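Colleague: Next input, structure requested:
(one chain, ligands or ions: 1)
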Amino acid sequence: EAQLQQLKEEALQKIEASGNVKELNDVRVAYLGKKGPITDLLKGMGKLPAEERPKMGALVNVVREEVTTVLEARMTLLQEQAINEQLEKESIDVTLPGRPVKTGNHHPLTRVVEEIEDLFLSMGYEIAEGPEVEKDYYNFEALNLPKGHPARDMQDSFYISEDILLRTHTSPVQARTMEAKEGQPIKIICPGKVYRRDNDDATHSHQFTQIEGLVIGENIRMSDLKGTLSLFAKKMFGDDREIRLRPSFFPFTEPSVEMDISCFKCSGSGCNVCKKTGWIEILGAGMVHPNVLEMAGYDSKKLSGFAFGMGPERIAMLKYGVEDIRHFYTNDVRFLSQFH
Ligand SMILES: CNC(=O)COc1cccc(Nc2cc(Cl)ccn2)c1
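Modeller: Residues are numbered from 1 along each chain as shown. Sure thing, here's the model as predicted:
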């Protein structure tokens with residue numbers, strides 16, 4: 001009798017103390033299971049005198065009922081708590097804004113090259129490409145830079161062998177195109193990587209990019225060149241740009257010019273970008289030298305042409321205010337991620 005009472009107290013205390021479904025289940029197995037003390041008592045009934053068995057049996061069943069009821073009530077409570085905890089943990093606040101998806105972005109040089117390509121494509125130019133490892137004939141000879149010319153010496157170019165080098169500009173692509181077109185009209189843009197050996201400071205890099213243009217046909221004049229360059233300047237740097245052409249010299253053009261644009265930052269009053277001159281040099285150009293036409297098989301008495309060359313790094317540095325050309329090549333995400 002007393003033992004039964006003590007057993008009940010113990011079981012109820014354990015039930016109350018169970019903090020979760022698993023613990024409570026352990027208590028259920030321990031007290032109500034086959035090996036539990038209550039089952040033992042029922043089994044031990046045989047030892048009792050016959051007249052005491054019904055009373056005892058009833059008592060044991062009452063205790064088992066009570067313990068079971070309390071246990072099941074607690075089980076329901078703990079199960080509900082468990083579900084609520086899970087709901088709390090897994091709940092999603094649908095009113096939160098979406099997490100931004102990190103997207104990549106084009107390299108600033110790619111953007112400038114593509115913007116220039118799109119402009120000339122819209123004027124009916126085709127894009128021509130060619131090898132970066134080039135024969136000295138196409139890189140120099142064909143451009144009126146005969147052997148012995150100072151521009152050809154070792155300090156300026158990366159030679160791979162006696163007559164193979166890394167191209168120093170994209171003009172060889174134009175020379176190859178003229179050779180392939182055999183006297184037909186040409187209207188091409190040649191973008192690509194070029195290499196110079198003595199280039200290594202904040203505005204010169206061993207590897208950089210260049211875009212050259214070449215137009216050959218009947219009756220191509222200097223005025224065509226000026227009109228083309230003027231449109232390019234306005235499209236790239238703003239409609240209110242003025243251009244000026246200064247006389248210059250390149251072995252492959254005659255006459256040669258350098259094109260300046262009016263400063264897009266101070267409109268001519270003088271600032272750090274235009275070095276207080278009001279003008280910014282953008283590119284070089286000129287009428288294709290007759291020697292270059294003749295060497296490429298074009299009759300310089302019948303046909304004429306103009307050409308220009310520019311450096312996208314310089315244009316990107318002007319456009320985006322980049323201080324050091326090497327930023328374009330060191331792949332620092334802090335720099336690259338600014339160009340969204
Ligand atoms: C960054 N580049 C510059 O300052 C100057 O580049 C220039 C200037 C004038 C002409 C050319 N290209 C060229 C190509 C052929 Cl096939 C014939 C004649 N000329 C490139």
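Colleague: Which residues are in contact with whichever residue of the chain sits closest to the ligand?
Modeller: Residue nearest to the ligand within the chain (C-beta to the nearest ligand atom): residue 309, separated by 2.2 Å. In this view, the C-beta of every residue, glycine as well, is placed from N, C-alpha and C. Residue 309 makes contact with 169, 170, 171, 210, 211, 212, 213, 283, 284, 285 under the criterion C-beta atoms under 8 Å, 6 or more residues apart in numbering.
Colleague: Quick check on residue 195: phi, psi?
Modeller: Main-chain torsions, residue 195, degrees, to the nearest 10: phi -140, psi 130.
Colleague: Count the residues that sit near it.
Modeller: 19 (other C-beta atoms under 10 Å).
Colleague: OK, contacts around it?
Modeller: 132, 157, 158, 166, 167, 168, 206, 207, 208 are the contacts of residue 195 under C-beta under 8 Å, 6+ apart.
Colleague: Phi, psi for the residue nearest in space to the middle of the chain please.
Modeller: Central residue of the chain (C-alpha atoms, centre = their mean): residue 104, 3.4 Å from the mean position. With angles defined as degrees, to the nearest 10, residue 104 sits at phi -80, psi -180.
Colleague: residues in contact with it?
Modeller: Residue 104 touches nothing, counting by C-beta under 8 Å, 6+ apart.
Colleague: rewinding a little: the contacts of residue 309 in strands, which ones?
Modeller: 210, 211, 212, 213, 283, 284, 285 (DSSP state E).
Colleague: count of residues packed around the fourth one?
Modeller: Here the neighbour count serves as a burial measure; for residue 213 (other C-beta under 10 Å) it reads 26.
Colleague: now it, which residues is it bridged with?
Modeller: Residue 213 forms beta bridges with residue 189, residue 308, as assigned by DSSP bridges.
Colleague: Tell me how many other residues crowd residue 169.
Modeller: Counted with other C-beta under 10 Å, the neighbours of residue 169 add up to 22.
Colleague: thought it was touching residue 191?
Modeller: No: with contact defined as C-beta atoms under 8 Å, residue 169 and residue 191 do not form a contacting pair (11.6 Å).
Colleague: Quickly list what's touching both of these two.
Modeller: residue 210.
Colleague: pretty sure residue 173 is touching residue 191, no?
Modeller: No: judged on C-beta under 8 Å, residue 173 makes no contact with residue 191 at a distance of 9.1 Å.
Colleague: more crowded one of those two?
Modeller: Ranked by neighbour count (other C-beta under 10 Å), residue 173 and residue 191 place residue 173 first, with 25 against 22.
Colleague: Can you tell me, leaving aside adjacent residues, what's nearest to the more buried one?
Modeller: residue 130 (3.6 Å; C-beta to C-beta, 6 or more residues apart in numbering).
Colleague: residue contacts, the one you found?
Modeller: By C-beta under 8 Å, 6+ apart, the contact set of residue 130 is 138, 170, 172, 173, 176, 190, 192.
Colleague: how would you label the fourth one: helix, strand or coil?
Modeller: Going back to what we said before, that points to residue 173. helix (DSSP: H, G, I helix; E, B strand; the rest coil).
Colleague: returning to what we had before: find the residues that touch each one of residue 173 and residue 191.
Modeller: Shared contacts of residue 173 and residue 191, counting by C-beta under 8 Å, 6+ apart, come down to residue 129.
Colleague: Counting neighbours, which bits of the host helix or strand of residue 23 end up buried?
Modeller: Using DSSP states H and E, residue 23 sits in helix 21-32. For helix 21-32, a neighbour-count test (16 or more other C-beta atoms under 10 Å) marks 24, 27, 28, 31, 32 as buried.
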